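K.L.:
Output the structure for:
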Amino acid sequence: MHSGDDVATVRGSVAPGFERVRDAFGATLTRGAGQGAAFSAYHLGEQVVHLWGGEAEADKPWAEDTLVCGFSTGKGVTTLAIQMLVDRGQLELDAPVSTVWEGFGANGKEAVTTRMLLNHTAGLPTFPDYQRIVSADEPASFQRHEDIVAALAAAAPLWEPGTESGYHSLTMGFLLGELVRRITGRTVGEFIHTEIVKPLSLDYWVGLPQQEHARVAPLQADPAFGNDETFEGMNPSTLSGQCLFMGPARRLDAVFTQTFNHPDFRVAEVSAAGPHTDARSLARIYGALACDGTLEGTNLVSPAAIRTFATETFNGIDVISKIHSRLGLGYALNSPLRYPMGPNEGSFGHPGFGGAMAFADPQSRVGIGYVTNYMVIGMGTDARVQALTDAVFASLA
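P.N.:
Residues are numbered from 1 along each chain as shown. All right, here's what the predicted structure looks like:
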């Protein structure tokens, strides 16, 4: 592996032939105080890129073991938990959710299936009067798991289930997590830790213990998150704001810097939008999925399950964001307009709000992970991870 110490603020290593990725990483590092990132790539089951740089916070360099909130990269890992249960015969994709979750079929949800939860067609991206239970103004409210899932079970869908796809920003993790809990007796965080994190030796947390908080890089938000235009589209009166559980007191910039940076949010199990991790862990997960589900002798799921979940189930306009979306089951699929994941159509994974990205390319046998604490506005992959992805595939060529 080639040392990266000769490039200012970049640490880590790359395999021979991947030097351009190190150069690209150095160019993507935002030069502001307290801003940093990490990037990792696996090819054919081997780590070929392992880089980190910049600052975790002012005057504190990003370290190899720095953690950061990965936002919706957690949707892919939560999906993997469901995928494992389906693969083991413990859950049926097209059976009503109510066969596993008693009471869920209330209010017009009798026909809602796990498949609908996975491809955002269930019509449950929020629930009525959510602020009485959970609000982005109140970090500790995200710990009210029982109340949140009870409200979702009681809610009527916002559209006829199965007819439209609308991004379930936060509720996806609570919905799928409750299936995991009812089938296994473990919370989704416990299941992921036991079945994915420990076997693959990952640094990935759904519900971050207090003793690990000192390693977290606090989030910074681009100023655009706080402007009037963003607020007009993302507040408690808009559907997009309701899907993020927005409250009356905080604009989106403050939600990132005050709510998502708060210890009470970090300890909550917000599996679809609040895991804390590093780039290496994300790349290892997708490095396994890119190689028929196996990494270093540890098998997560079968090749058949990977194909099932990576097969297109929706290709159209998201009813909430009004932006084009291409989905498998739980995973976003390679989409140049929104989620670019390299040159091959069969790539799948999930971006995280603000810039994070994690995906597998089974054709090239590549797994990629990128995390950062400097959040930028964009509905798809931002220029930083795009440049890094391009450099990885150029190195392969």
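K.L.:
Residues touching the strand or helix carrying Arg384, excluding its own?
P.N.:
Using DSSP states H and E, Arg384 falls within helix 383-396. The contact list for helix 383-396 (Cβ atoms under 8 Å, 6 or more residues apart in numbering) reads 17-18, 20-21, 23-25, 27-28, 37, 39, 41, 43, 48-49, 340-343, 355-357, 364, 366, 368, 370, 372, 381. Every residue, glycine included, has its C-beta placed from N, CA and C.
K.L.:
Which residue lies nearest the spatial centre of this structure?
P.N.:
For the chain, Thr73 is the residue whose C-alpha lies nearest the centre (Cα atoms, centre = their mean; 1.5 Å).
K.L.:
Could you report the distance from that one to Phe309?
P.N.:
Between Thr73 and Phe309 the distance, using Cβ to Cβ, to the nearest Å, works out to 16 Å.
K.L.:
quick one, helices of the stretch 151-300 of the chain?
P.N.:
171-184, 188-192, 198-200, 228-233, 239-243, 252-254, 263-266, 279-289 (DSSP state H, counting those that start in this stretch).
K.L.:
Could you dump those helices into CSV with distance to Ala106 added?
P.N.:
Shown next, in CSV, are those (distance: least, Cβ to Cβ, whole Å):
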stretch, distance to Ala106
helix 171-184, 14
helix 188-192, 22
helix 198-200, 37
helix 228-233, 31
helix 239-243, 20
helix 252-254, 32
helix 263-266, 29
helix 279-289, 35
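K.L.:
out of those helices, nearest to Val319?
P.N.:
Closest to Val319 of the helices of the stretch 151-300 of the chain, according to Cβ to Cβ: helix 239-243, at 8.8 Å.
K.L.:
And that closest one, what's buried?
P.N.:
240-243 (16 or more other Cβ atoms under 10 Å).
K.L.:
closest to Gly89 among those?
P.N.:
Distances from Gly89 to those, taken by Cβ to Cβ, are shortest for Cys243, at 32.7 Å.
K.L.:
doesn't Ser169 make contact with that closest one?
P.N.:
Yes. Using Cβ atoms under 8 Å, Cys243 makes contact with Ser169 at a distance of 4.6 Å.
K.L.:
For those two, list the residues in contact with both.
P.N.:
Here Cys243 and Ser169 have Pro125 as joint contacts, going by Cβ under 8 Å, 6+ apart.
K.L.:
What values do phi and psi take at the residue nearest to the centre of the chain?
P.N.:
Taking degrees, to the nearest 10, you get phi -60, psi -20 for the backbone angles of Thr73.
K.L.:
That one touches Ser281, doesn't it?
P.N.:
No. Using Cβ under 8 Å, Thr73 makes no contact with Ser281, being 9.7 Å away.
K.L.:
residues shared between the contacts of these two?
P.N.:
Here Thr73 and Ser281 have Gly369 as joint contacts, going by Cβ under 8 Å, 6+ apart.
K.L.:
for the stretch 51-200 of the chain, what spans make up the strands?
P.N.:
In the stretch 51-200 of the chain, the strands defined using DSSP state E, counting those that start in this stretch lie at 60-61, 68-69.
K.L.:
Can you check which of the ones you listed gets nearest to Ala332?
P.N.:
strand 68-69 (18.4 Å).
K.L.:
neighbouring contacts of that closest one?
P.N.:
With Cβ under 8 Å, 6+ apart as the test, strand 68-69 has contacts from 38, 56, 216-217, 219, 260, 266, 274-278, 352, 356, 371-373.
K.L.:
measure Ser281 to Met357 for me?
P.N.:
13 Å.
K.L.:
Ok, Phe348 next?
P.N.:
12 Å.
K.L.:
Can you check which residues contact both of those two?
P.N.:
Met341.
K.L.:
mind checking the SS state of the closest residue to Phe309 other than its chain neighbours?
P.N.:
Nearest residue to Phe309, sequence neighbours excluded (Cβ to Cβ, 6 or more residues apart in numbering): Leu329, at 4.4 Å. Counting by DSSP: H, G, I helix; E, B strand; the rest coil, the backbone at Leu329 sits in coil.
K.L.:
Assess the claim that Leu329 and Asn119 are in contact.
P.N.:
Yes. Contact criterion Cβ under 8 Å: Leu329 and Asn119 qualify, at 5.9 Å.
K.L.:
Neighbour count: these two, which is higher?
P.N.:
Legend: neighbour count by other Cβ atoms under 10 Å for Leu329 and Asn119, higher for Leu329 (24 against 19).
K.L.:
what sits against that one?
P.N.:
79, 83, 93, 115, 118-119, 308-309, 311, 313.
K.L.:
how about those residues in JSON lines, adding distance to Val385 and pLDDT?
P.N.:
Shown next, in JSON lines, are the contacts of Leu329 (distance: Cβ to Cβ, whole Å; pLDDT from 0 to 100):
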{"residue": "Thr79", "distance to Val385": "20", "pLDDT": "98"}
{"residue": "Gln83", "distance to Val385": "24", "pLDDT": "98"}
{"residue": "Leu93", "distance to Val385": "30", "pLDDT": "98"}
{"residue": "Arg115", "distance to Val385": "29", "pLDDT": "98"}
{"residue": "Leu118", "distance to Val385": "24", "pLDDT": "98"}
{"residue": "Asn119", "distance to Val385": "24", "pLDDT": "96"}
{"residue": "Thr308", "distance to Val385": "27", "pLDDT": "98"}
{"residue": "Phe309", "distance to Val385": "22", "pLDDT": "98"}
{"residue": "Thr311", "distance to Val385": "24", "pLDDT": "98"}
{"residue": "Thr313", "distance to Val385": "24", "pLDDT": "97"}
